[in-house]
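In: Predicted coordinates and the sequence they were generated for:
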Amino acid sequence: MQAARPSDLALSPLRLLAGRDLRSFAGLAHPTSLDDVAAVFDLDRSWHGQGALGSARHRTDWFNASAAGFARGARVWANDGTVVLIDATDVVLVEPLPSLLDALGEPETRLNSFQGTFEVEANEYVYTRRGLTLYVNRAVDTPLRIAAFAPGSLERYQRDLRLDLQMKRLPPSRGPSGDRLP
């Protein structure tokens, strides 16, 4: 099967994202395809995971991608080849976080998020009209995670796109006799 030609409309925002220029980023184009992402990022299609997005818990495939400045790579979330979200941690931004936040202005909302099992108050800065969410650690002015998507409403973001980052602590394992395992 031959890959589709990347869409010029989709490439510009993907280049801004890959270059970590979030000040100029205005959201992913709709539609953006996996082929579009592969034209800008190093996209690995040999394996994919699956997760749930938004409060509606939409089952969505994700693929690994990499680019310079993305220390841990990125996840590209897609339904039937159409990209709905790209998220990444440990991203080296092209400008300090405080100046980026000043340039972006006040987010539409700040939501509580999770770091592991711990809830962090108001650290998810949501700019739905810009198709961007920044998870921030204001104590050290560091971005923890970024998420990019097509611009839309806050309701759509929460219902269809929001990442569930809460980790659940599991009870200790028990053996067949009921004894705790080491």
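Out: Sure, I can see it.
In: ok, which stretches of this structure are helices?
Out: 8-18, 34-38, 97-104, 154-156 (DSSP state H).
In: Please identify the deepest-packed of those helices.
Out: helix 34-38 (a mean of 21; mean count of other CB atoms under 10 Å). (Each C-beta comes from the backbone N, C-alpha and C, glycine too.)
In: Outside of that helix itself, list whatever touches it.
Out: For helix 34-38, contacts defined as CB atoms under 8 Å, 6 or more residues apart in numbering pick out 3-7, 10-11, 14, 29, 43, 45, 63, 65, 76, 78, 81, 83, 86.
In: Generate a PyMOL selection restricted to the buried subset of those residues.
Out: The buried residues among these can be selected in PyMOL (16 or more other CB atoms under 10 Å) with this line:
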select buried, resi 6+7+10+11+14+29+43+63+65+76+78+83+86
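In: now, which of the contacts of helix 34-38 lie within strands?
Out: 43, 45, 63, 65, 76, 78, 83, 86 (DSSP state E).
In: Let's have these in CSV, adding distance to residue 115 and pLDDT.
Out: Listed next are the ones in strands among the contacts of helix 34-38 as CSV, based on distance: CB to CB, whole Å; pLDDT from 0 to 100:
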residue, distance to residue 115, pLDDT
43, 27, 98
45, 30, 97
63, 24, 98
65, 23, 98
76, 23, 98
78, 26, 98
83, 26, 98
86, 20, 98
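In: Between the residues you listed, which sits nearest residue 24?
Out: Of all these, residue 24 sits closest to residue 86, with 16.1 Å by CB to CB.
In: Can you give me the neighbour number for the nearest residue to that closest one once chain neighbours are set aside?
Out: Excluding its sequence neighbours, the residue lying closest to residue 86 (CB to CB, 6 or more residues apart in numbering) is residue 148, at 4.7 Å. By other CB atoms under 10 Å, the residues close to residue 148 number 24.
In: for residue 145, what are its contacts?
Out: 87, 88, 89, 91, 134, 135, 163, 165.
In: Format the residues you listed as JSON lines; extra columns: distance to residue 127 and pLDDT.
Out: Formatted as JSON lines, the contacts of residue 145 follow (distance: CB to CB, whole Å; pLDDT from 0 to 100):
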{"residue": "87", "distance to residue 127": "14", "pLDDT": "98"}
{"residue": "88", "distance to residue 127": "16", "pLDDT": "97"}
{"residue": "89", "distance to residue 127": "18", "pLDDT": "95"}
{"residue": "91", "distance to residue 127": "16", "pLDDT": "93"}
{"residue": "134", "distance to residue 127": "8", "pLDDT": "97"}
{"residue": "135", "distance to residue 127": "12", "pLDDT": "95"}
{"residue": "163", "distance to residue 127": "15", "pLDDT": "95"}
{"residue": "165", "distance to residue 127": "18", "pLDDT": "76"}
